[in-house]
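> Here's my sequence, what's the structure:
(chains A, B and C)
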Amino acid sequence: MTLTGAPADADTTRLLALLAGRADRHSLPGPCYTDSALHEVDLRLIWQRQWVFVGSVAEVPEPGDYVTVDLGSASVLVLRDDDGQVRAFRNVCRHRGARLVDGGSGSVGNIVCAYHRWTYGTDGRLLHAPQLPAGTDLACLGLRTVHLREVGGLLFVCLAADPPGDLDAVAAVVAPYLEPHAIGRTKVAAQIDLVEGGNWKLTMENNRECYHCDGHPELLGSFFPTWGLADDQVPDRLRADHDRYLLAEADLLRRCDLGRLPHTLAEDLVDRPVGFRIQREPLDGAGESFGPSGERLVRRLLGDLTDARLGRLSLHVQPNTWFHAQADHVVTFAVLPVAVDRTLVRTTWLVHEDAVEGVDYDVDALTAVWRATNEQDAEFVALTQAGVADPGYEPGPYSEAEDQVDAFVRWYTHRIEEEVTR
Amino acid sequence: MTLTGAPADADTTRLLALLAGRADRHSLPGPCYTDSALHEVDLRLIWQRQWVFVGSVAEVPEPGDYVTVDLGSASVLVLRDDDGQVRAFRNVCRHRGARLVDGGSGSVGNIVCAYHRWTYGTDGRLLHAPQLPAGTDLACLGLRTVHLREVGGLLFVCLAADPPGDLDAVAAVVAPYLEPHAIGRTKVAAQIDLVEGGNWKLTMENNRECYHCDGHPELLGSFFPTWGLADDQVPDRLRADHDRYLLAEADLLRRCDLGRLPHTLAEDLVDRPVGFRIQREPLDGAGESFGPSGERLVRRLLGDLTDARLGRLSLHVQPNTWFHAQADHVVTFAVLPVAVDRTLVRTTWLVHEDAVEGVDYDVDALTAVWRATNEQDAEFVALTQAGVADPGYEPGPYSEAEDQVDAFVRWYTHRIEEEVTR
Amino acid sequence: MTLTGAPADADTTRLLALLAGRADRHSLPGPCYTDSALHEVDLRLIWQRQWVFVGSVAEVPEPGDYVTVDLGSASVLVLRDDDGQVRAFRNVCRHRGARLVDGGSGSVGNIVCAYHRWTYGTDGRLLHAPQLPAGTDLACLGLRTVHLREVGGLLFVCLAADPPGDLDAVAAVVAPYLEPHAIGRTKVAAQIDLVEGGNWKLTMENNRECYHCDGHPELLGSFFPTWGLADDQVPDRLRADHDRYLLAEADLLRRCDLGRLPHTLAEDLVDRPVGFRIQREPLDGAGESFGPSGERLVRRLLGDLTDARLGRLSLHVQPNTWFHAQADHVVTFAVLPVAVDRTLVRTTWLVHEDAVEGVDYDVDALTAVWRATNEQDAEFVALTQAGVADPGYEPGPYSEAEDQVDAFVRWYTHRIEEEVTR
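Okay, the predicted model is just below:
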């Protein structure tokens, strides 16, 4: 059901009350994850007002190339214009509203509506619409534009007329970290869409802690299970892992200094609209990438890198994405709401544009760890969705390992509070 | 969800505001097509109050023959009584409410509820219901009747206690046009139900213009793409088609005069409850019927017709039907709402009752054009449903070729406005 | 959608008005069966406040054995503790709410949440949860308990903090009837879950009358179609059946007296929260069990019984269950709401724990009658759901054969009225 007419003040008020009533460092009340009307508030105040990650420049390498991304019922058409610029438009015909591009990705000369053949250029201008009444100004009937920004090869859109202003500041911080991975010179090696059976916030919360990493045996070949823990939070059972982590970190920092790669933690997760966290962190085992024991998975390294052992550049941007950039490949994750209890996770593996499939990399091997890990996370999210929908659910306390889950929830709360009055 | 208790005034008020705010000659606001509560208003004010086409007498040729038709959750049982009259009833047992006939069509002696064997005659009277308390008056427990009218062999029902009064006047106009096709002496050659993924109004709007006819290559073998255009609206690219149209029209009028067939346009689409349009129009190519190049598809002509080249008698009746009657066969279309975003299109091909399948006609050939055309229209409707559900949708302007789309929308607006106060 | 924030007073008020407006001995208004918001009221005032049958001790014979039962979105974990006690818990982790046991039944040592490995004992205590902040009291984070009571081997739970107090009184009445069947010494021979396409109240109403028993040809081999009728209500067409019933009843009472088995009708269906009815009644034909002509289906009799011809101990407990206990086996039925228009019927066949499959009984033969009967009832319920959702539905009068349907509806009305003020 579409919200219409009067603004849904009662629902927003209800959400604000639930958020205000959350106990410190406890999970959100059930309706935040299960109530359809509150999901509509999320769509309006988060998904239609914040900067949202939609993909990378590697997905639209040539003029006319496009991808579509659905934020709830709002479809965004991201395409590279003939002038080489990447642009974003509402994926809706200006005539009687037909969906212009029916999902997926591809390449077009012009954008032609299948229904009545209204034809738009890749710059969104209406080029052709027969039999319009005399005096109709075609210039007023171009596709509705959507704000789009590129940050180090990553593409963010904002559906609001007045996007949050702090993306530039965040871009200035994170772009130097991303630069050595040269995403602009990558290609898509694989992309997998997985629909998780839970609310989008459960998907994000799941990603913000490694407290559940025992459930990811494949990932633990390369990923340190102490992720997210301060030194004094590491439990005894992970002490040996942490000792290896400290050694690996020392080696990584040395290499970063040699290669002049930025690596220190920069984090502002709660207070700003574009909440983010970036850090270069070591990987376990070979320390190179997500191979079974941390080995690289692509022979050709990204950009002009020569050192394969650069661990993992970890970038997280709220509301909807995280990335892992290694010396050999980048994995991007876009979290997109489908319904109050269904969320699309689009995972994309990027490799050097000159890497050759079957020679430099094998797609199955490249994607193995995150395919398995995503499936496991989807199961955790579905179990949690079922439980928080139960009237027997009560919000519970976060452990010390869940600081960033708490940060996400506080960020979400601040955004809702701010957007109500914006 | 069923609407109950207090009348849904807030929803109706919201719909009226949306309709009042529609820009002149622009498509309807998105919620009119996507909002479940507004769809309930449509069900109440349109589908439960207007005359609705449900089929033809050919579908219930013998006493006891019935068809069921669902208008949303309201099921209507149309059957021919033993006295030869076609009647309509609520398809609900008067005992504890079981559905009497579970969809489809067939033939019965009496109507027996499967649950407790309450038995009704084909006139709706309760004949048998065991163990009712002494003093129960069976005469008060007959099936609830539904108003039914036959117009030239076409059957219309109205669920309201007080149907709109103008069906008689419309019947007086259109019956003479229909009479030569003798629908009362036809039989059903084929019937296909297709569920389109869109609101019922999108299905109707789609039918009201040929602006999209480039998407119907099969249809264009016989159908003039200038349909709905005045002479001065014909664009250059269709000028040759229009010239052929004018020649064909002259020939058709000559034949009509010879055969004393009414043909002139009669139209009252906006202001009356039974909005309608009727006209005999030429077909392209052979000018006979919907063969690949306008050829006839049934050797045996309808009724007592001897001239096969009578083009297409086009009848449109709001809210839910259009017809094509040719010399050799009639095609009827019933549009029936399933949900806010799903609509059943029931297409029925009628041929002379003495025509022999495999001799006089081939079902595949007979149905080919409209099967293909319906599938194409279903795709257009689904694309539009997706788009108008997008918060990025804005109503757009109608072209000159969409006058009748505008007429339909104005009719719809008037009906809602009138029914609120009726 | 989960109900949240303010109590749904408007919906409850609406339901009360509908119930107050019900005509005497007429079926309920349509929205009581079809309106999602009213279903939420049912979940809150019936399913989350009344005693609900969930299974028998035979389903959890050993420590660690569990079954899960869903009352709407509320999942209950019923398991046998290491101390031999059967307990019930909310099936939700106290951490971030993950579903603990994902449906079905099985056996566990401890209850380990799949997500973050929080570990609970079979007594519900939180045994292990790593990295909780210093000072966290694990004792406050045990599983939320659910009231559970055993009555003659049958298990009832209540989600309310303050369950209705009259289960003890009912247990005192019915336990002596059940005792000879020794459910504590049975095992599960078969269990079948069937989802009916109707509201839970339709499923219960269907069970409360044999007015529809012509639709159960298999059942009528052993079941008297005069069930629920007083002597003076038996219609002529069932007179011969009733004569056989009277003879069989005389024989049964004689055997009961010999075996000191309680048999007289005890009934309090309307006025108390735990509405119930119990009676030992004869079966037709051989009079033993649900064989095709009333023969027994299990060679080994239950408990210490020696007489196979004990008819059927019929127990009915509102809101959600009925049982048939014969000398050779017990069949239990649990009715559980899935959605406003979907209801799970879980049927379980219990035989003596020492009975050997393939020797003492054949599962197909044992389950044949009730498998067929349940499928037939599911069809009746689905037809009724379709009909009561039709705006053409009007509540109709109950026959003399439907006294207990009326009693159920009055019980339901009283419960709603009482719970609103409780």
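
> gap between A:Ser293 and chain B?
For A:Ser293, the distance to chain B equals 46 Å [Cβ to the nearest Cβ, to the nearest Å]. To be clear about C-beta, it is placed using only N, CA and C from the backbone, and glycine gets the same treatment.

> That residue - nearest residue in space that isn't next to it in sequence?
What sits nearest to A:Ser293 in space, not counting adjacent residues and going by Cβ to Cβ, 6 or more residues apart in numbering or on different chains, is A:Gly285, at 3.8 Å.

> OK, contacts around the one you found?
Shown in contact with A:Gly285 (Cβ atoms under 8 Å, 6 or more residues apart in numbering or on different chains): A:Gly221, A:Ser222, A:Gly291, A:Ser293, A:Gly294, A:Glu295.

> ok, the residues you listed vs A:Leu315, which is closest?
The closest of the contacts of A:Gly285 to A:Leu315 turns out to be A:Ser222 (Cβ to Cβ; 17.4 Å).

> distance of that closest one from B:Arg44?
Relative to B:Arg44, A:Ser222 is positioned 61 Å away (Cβ to Cβ, to the nearest Å).

> Settle it for me: which of the two has more neighbours?
Neighbours around A:Ser222 and B:Arg44, counted as other Cβ atoms under 10 Å in any protein chain shown, are more numerous at A:Ser222. The numbers are 25 against 19.

> What's the separation between the closest residue to that one other than its chain neighbours and chain B?
With Cβ to Cβ, 6+ apart as the criterion, A:Ser222 has its nearest non-adjacent residue at 4.0 Å, and that residue is A:Gly294. Using Cβ to the nearest Cβ, A:Gly294 is found at 44 Å from chain B.

> mind checking the SS state of A:Gly294?
Counting by DSSP: H, G, I helix; E, B strand; the rest coil, the backbone at A:Gly294 sits in coil.

> So what's the residue count around it?
By the other Cβ under 10 Å criterion, the neighbourhood of A:Gly294 contains 22 residues.

> Distance check, it against A:Arg312.
Computed with Cβ to Cβ, the distance linking A:Gly294 and A:Arg312 is 10 Å.

> Now for the two: what residues contact both?
Among the neighbours of A:Gly294, those also in contact with A:Arg312 (Cβ under 8 Å, 6+ apart) are A:Leu283.

> my guess is A:Leu167 meets A:Trp51, correct?
Yes - the pair A:Leu167 and A:Trp51 passes the contact test of Cβ atoms under 8 Å, sitting 5.3 Å apart.

> Those two - which one has more neighbours?
When neighbours are counted by other Cβ under 10 Å, A:Leu167 and A:Trp51 differ, and A:Trp51 comes out ahead with 26 against 21.

> residue contacts, the more buried one?
A:Trp51 makes contacts with A:Arg149, A:Phe156, A:Val157, A:Cys158, A:Pro163, A:Pro164, A:Leu167, A:Pro273, A:Val274, A:Val317, as judged by Cβ under 8 Å, 6+ apart.

> which non-adjacent residue is nearest it?
Once flanking residues are discounted, A:Trp51 sits nearest to A:Phe156: 4.5 Å by Cβ to Cβ, 6+ apart.

> A:Glu179 now?
That would be A:Gly152: by Cβ to Cβ, 6+ apart, it lies 6.2 Å from A:Glu179.

> Pull the number of nearby residues for the one you found.
Other residues within reach of A:Gly152, judged by other Cβ under 10 Å, total 21.

> quick revisit: which one of the contacts of A:Gly285 sits closest to chain C?
The nearest member of the contacts of A:Gly285 to chain C, counting by Cβ to the nearest Cβ, is A:Gly221 at 19.6 Å.

> tell me the contacts of the closest one?
Taking Cβ under 8 Å, 6+ apart as the contact definition, A:Gly221 lies against A:Asp284, A:Gly285, A:Gly291, A:Pro292, A:Ser293, A:Gly294, A:Val369.

> For it, grab phi and psi.
Geometry field for A:Gly221 lists phi and psi as phi -60, psi -30, criterion degrees, to the nearest 10.

> thinking again about what came up before, what sits in contact with each of A:Leu167 and A:Trp51?
Taking Cβ under 8 Å, 6+ apart as the contact criterion, the residues that touch both A:Leu167 and A:Trp51 are A:Arg149, A:Phe156, A:Val274.

> Report the beta-bridge partners for the first one.
As for beta bridges, A:Arg149 partners with A:Phe156 under DSSP bridges.

> Determine the three-state secondary structure at the nearest residue to A:Val420 once chain neighbours are set aside.
Residue nearest to A:Val420 in three dimensions, not counting chain neighbours: A:Thr12, with 5.9 Å by Cβ to Cβ, 6+ apart. With three-state DSSP as the basis, the three-state label of A:Thr12 is helix.

> Next one: A:Thr12 from chain C, what distance?
According to Cβ to the nearest Cβ, A:Thr12 stands 12 Å off from chain C.

> That residue contacts A:Glu419, correct?
No - contact status for A:Thr12 versus A:Glu419: not in contact, 9.0 Å apart, counting by Cβ under 8 Å.

> ok so, going back, for the contacts of A:Gly285, give me a markdown table that also has distance to C:Asp102 and pLDDT.
Putting these into a markdown table (distance: Cβ to Cβ, whole Å; pLDDT from 0 to 100) gives the following:
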| residue | distance to C:Asp102 | pLDDT |
| --- | --- | --- |
| A:Gly221 | 27 | 96 |
| A:Ser222 | 29 | 97 |
| A:Gly291 | 32 | 97 |
| A:Ser293 | 32 | 96 |
| A:Gly294 | 33 | 98 |
| A:Glu295 | 35 | 98 |
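
> Return the member of those nearest to C:Asp268.
Using Cβ to Cβ, A:Gly221 comes nearest to C:Asp268 of these, at 65.0 Å.

> next helix or strand past the helix or strand harbouring A:Val69?
In this structure, A:Val69 sits in strand A:65-71 according to DSSP states H and E. Of the helices and strands lying after strand A:65-71 in sequence (DSSP H and E), the nearest is strand A:74-80.
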